[in-house]
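**Q** Got a sequence here, can you build the structure:
(2 chains)
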Amino acid sequence: MTAPAVIAWFADIGLHDRARVGGKGGSLGELQRAAIEVPPGFVVTTAAFEQFMRALEERAPLRSRVEALRGVDLGAATKVCAELRAQVEAAPLPPEVLEQISRAHAQLCDANATLPLAVRSSATTEDATDASFAGLQDTFLWITDLANVLECIRSCWASLYSVESVTYRCSRQIPEAGVAMAVVVQRMVDARAAGVMFTRSPLTGDRSVVTIEGAWGLGSAVVGGEVTPDRWVLGKITGDISVRDISDKHVRHVPNAGAGTKTEPVPEDQRRQPCLSDDQLQQLRSIGRKVEGHYGRPQDIEWAIDRITGAMLLLQSRPETVWSAREAAPVAKVAQDPRMHVMSIFGGKP
Amino acid sequence: MKTSNASKGFPLPSSLKVVPGTENAQAAYPYTMQFGKGDDTRFWFYNSMHFPEPMSAFDMVTAEAAYCALGAANTRVHCLPTTLGIDYRVINGRVYIGGNAVTDPAEIARRTEEFQKRAFYYYANWERLYAQWREKMMALIHDAQALPTIALPEFEPLEHVHAGRGIASNHGLLDTYQRTLEGYFRMWHHHFEFLLLGYGAYLTFFGFCKKAFPEITDQTIARMVAGMEAEIFRPDDELRRLARRAVELGVEDKFQAQVSVDDILKSLQSQGEAGRAWLAELEVSRHPWFNINVGDGFYHYHRAWNDDLSMPFACLPEYIRRLKAGETLERPVKRLQAERQELIEGYRDLLSTEEDRTAYDQMITLAHRVFPYVEGHKFYCEHWYTNLFFNKIREFGALLKANGFFSAAEDVFHLTHYELELAIVDLMTAWSSGSAPRGPEHWPKIVKERRAAIAEWAKNVTPPALGPVPDVIDDPAIVMLWGITRENLDAWLSADSTQSSNEVRGFAASSGVVEGPARVVKSVEEISRLKAGDILVCQITNPTWAPIFQTIVGAVSDIGGSMSHAAIVAREYGMPAVVGTGNATSRIKDGQRIRVDGGRGIVTILS
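**A** Have a look, this model is predicted:
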């Protein structure tokens, strides 16, 4: 029996691989298969995590210490978690894992060793339809060398042992043995503008509209709530734009000189300019319809526009969870005699 | 918001004063139309949708005939369960109307049983009954066309005498007048035979869509239901055809904007075969398609294209220019139909259960079934027949003028139809006695007074509604025909507080955003002020203005819903339009720069 692969490229995976590539990785693979453009990349699979954890636990038990935290007060848990995180962040990578990640990194960077990358955690439980873990793990942007990538991968793994994640699992009695983390490594999009798109209305649940929010620079400013984004509502079928709220976008996230990102003020003349043109809105709508059609249900999407090429890329798509969880009431009963429907107008209040 | 507005309320009818100096003109309207005792306890609203300008005494016949027929259909013929007919009152030339809701549950139940025996029969036999309707309507039109020309000879024609007719020509005047009036009242019964049932079926589908898709725009629902080949599009289609024929025949250079219609016709006449061939084409188009008036058919001065060719001819140079620039001018009916089908299927696919999809199919099928009537009746009723009617009255005007009653034939429209019968009898009597008629001493000063009153009333801003605000408006007739909802009333009541804002809100009628100078057109006679690039701001947009839609870049109206023909035409032209703003013509000043966002229903005053 050959050892499970440590690396999986987007082109080779889909949603059904979620157990080894995590929700985010599976979704990016699935999007690429559906011919939706995503920034190229690979997943450091749960097999890598498992190898790493095996090596780590040979030296000191970790998972049993997490399970022992069930019912323990928050102060004590916080202390233990800090210790566990530090252990994970400090531990060396097993040689085989290190070699495979290095090789994949070189391939992704295509001879440009300082190409900026994003390293994003992709938990196997994250993005599941029933329990959105969004935001509980970490994402690292604009990482420009292998050493940093490796460090970020360990940080992603370590984020599983953040006090938030651990208490969440403890409260739901999730067994630690099944908890694993994959990590997405993909090319960074130097976004001129970025944001989110829901393929239904977050306000009314209406499936006939697409809601788009966006701001200047990287999408992290929108997702992190640091800027009030522009907001549009488009008819999903018609493309008619029924809402255009252009906000004062005072800051944006941009790459830092060297590595990482920084927050900077938006030039005065751009602040109140819409960050998307009508053509781009229509392009997003059509991508949204395609993704929704592919998954067969409304989606919650992150998008970005490449500063240089102007390409529209998706960074993430996951099933919308809030409205989907509600039981949709029937709109009208089928009438034995179709004419009876007019009584809703002529018959007065029932 | 509702409670605070409810306490605010509208002025009571009794507090509304007749404009000083116009008391006599106000008294001309029959007692049935005057506000009186008991009216303060009811809610009334100004019907600016149909009567946006002060009504002359004669034109009030339209309110009289129309409400008589509307009420009959609702109250007695189809027995709508929750509403009877419409009451109306007139003050300062403005028509206020009020609904008559049925609220007793036992009475609603009794009427429901009747309604289902009657209206449901119509729904089940719609196509046959509508085909029969068109025959009835055409017969009525032929009857009106066959009415004798109005004339009074000095001596009874010899052939009448030799034929032993025994009835003299003066009696013919009364006979023709009464038949003219009778035909008009009859026409309005035909008008309402299907109308409420048609709107009801449409609104049923509308309500379903709003529930299933809370953020769907009204205009999207309208696009799913609207037909592509309704009669109302034909006049404009004919104009495009005539433009094309002019180019094909090589006479297009005769159509110049600054040349009068008479000169164009004369030069075509002398153009030889090609010119005469085009004139023959014009005749083909005119009958019947130029029987369309430049308004909504409710005012005598909304003349038909046939009576004033300047309106259609004004549009020909632009159509010809576009043809020569390589445009086809054809309405893309096939594409529009395909788009409609895509919409219907797209929304259907979004429904989550098979049951909802079946109910959707049932409702849209019914809406499509009734819609040809909803779209088509106006051409026959408000346009063709109404033109014949007002023109016949005009003939009486000419005869009375010839006999010294008036200084102009059009003065006849300052008499109520009751007074006109009196004037005709006066002339008949004078003709028989050989004495002079009394009218020439009586009418000129009255006409002068009433003409002045109309001018005064036009300057007077009238409240949008009167009386106590009802908690809810669920009278289907009011909601369907006038689009009046509790939300509208709240907006009207709070209009004062939003006065400082530079935003005017209405229904999103046709999407797109455009900026330009506002041309506030308060009456149809001002249409000629519209220039290329202008945004039309008017009380009610009208489908017969369709050709001017090629000049303007956007449209805003005080009154109208997303299903108004103006909205449909705007969508066809892909032009932003906001309708039903309530007060755009008073808040926007002529020449101001405005932005129209037709997708959101917002007009912004920029300067």
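
**Q** what about the strands in the stretch 51-200 of chain A?
**A** Applying DSSP state E, counting those that start in this stretch to the stretch 51-200 of chain A gives strands spanning A:117-123, A:139-143, A:181-187, A:191-198.

**Q** Give me the phi and psi for residue 110.
**A** With no chain named, the answer covers chain A. Per-residue torsions, residue A:110: phi 50, psi 60 (degrees, to the nearest 10).

**Q** measure the closest residue to residue A:256 other than its chain neighbours to residue B:412 for me?
**A** Excluding the flanking residues, the one nearest residue A:256 by C-beta to C-beta, 6 or more residues apart in numbering or on different chains is residue A:262, at 4.5 Å. For every residue, glycine as well, the C-beta is placed using N, CA and C. As judged by C-beta to C-beta, to the nearest Å, residue A:262 and residue B:412 stand 81 Å apart.

**Q** If you count surrounding residues, which of those two has more?
**A** Counted by other C-beta atoms under 10 Å in any protein chain shown, residue A:262 and residue B:412 do not tie: residue B:412 has more neighbours, with 28 against 13.

**Q** Could you check the pLDDT of the more buried one?
**A** pLDDT, residue B:412: 98.

**Q** got a list of what the closest residue to it other than its chain neighbours touches?
**A** Spatial nearest neighbour of residue B:412, excluding adjacent residues (C-beta to C-beta, 6+ apart): residue B:397 at 3.2 Å. Shown in contact with residue B:397 (C-beta atoms under 8 Å, 6 or more residues apart in numbering or on different chains): B:406, B:408, B:409, B:410, B:411, B:412, B:413.

**Q** So, low pLDDT: which residues of the stretch 251-350 of chain A?
**A** A:327, A:349-350 (pLDDT under 70).

**Q** After the longest helix anywhere in chain B, heading C-terminal, what element do we hit next?
**A** Identified as the longest helix of chain B according to DSSP state H is helix B:169-212. Per DSSP states H and E, the first helix or strand lying C-terminal to helix B:169-212 is helix B:218-225.

**Q** for the one helix or strand residue B:245 maps to, packing partners?
**A** Element membership of residue B:245 [criterion: DSSP H and E] is helix B:234-249. For helix B:234-249, the packing partners by 3 or more C-beta pairs under 8 Å, 6 or more residues apart in numbering or on different chains; DSSP states H and E come out as helix B:273-289, helix B:310-324.

**Q** Okay, angle between the first one and helix B:234-249 too, please.
**A** Relative orientation of helix B:273-289 and helix B:234-249, computed by axes from the mean of the first three to the mean of the last three C-alpha atoms, to 10 degrees: 170 degrees.

**Q** just to revisit the earlier point, what is the orientation angle of the longest helix of chain B with helix B:218-225?
**A** 110 degrees.

**Q** returning to that earlier point: now the helix holding residue B:245: buried residues?
**A** Buried residues in helix B:234-249, counted by 16 or more other C-beta atoms under 10 Å in any protein chain shown: B:234-246, B:249.

**Q** burial of residue B:164, as a residue count?
**A** Residues contacting residue B:164 under the criterion other C-beta under 10 Å number 6.

**Q** Keeping just the C-alphas, turn stretch A:189-199 into PDB.
**A** Extracted C-alpha coordinates of stretch A:189-199, given in PDB (Å, rounded to 0.1, in the frame of the first residue of the first chain):
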ATOM      1  CA  VAL A 189      -4.000  37.700  -6.700                       C
ATOM      2  CA  ASP A 190      -2.800  41.300  -6.600                       C
ATOM      3  CA  ALA A 191      -6.400  42.500  -6.500                       C
ATOM      4  CA  ARG A 192      -7.500  45.900  -7.900                       C
ATOM      5  CA  ALA A 193     -10.800  45.200  -6.200                       C
ATOM      6  CA  ALA A 194     -12.200  42.200  -4.400                       C
ATOM      7  CA  GLY A 195     -15.200  41.100  -2.400                       C
ATOM      8  CA  VAL A 196     -17.900  38.600  -1.900                       C
ATOM      9  CA  MET A 197     -21.000  37.500  -3.800                       C
ATOM     10  CA  PHE A 198     -24.100  35.700  -2.600                       C
ATOM     11  CA  THR A 199     -26.200  34.000  -5.200                       C
END
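
**Q** All set, thanks.
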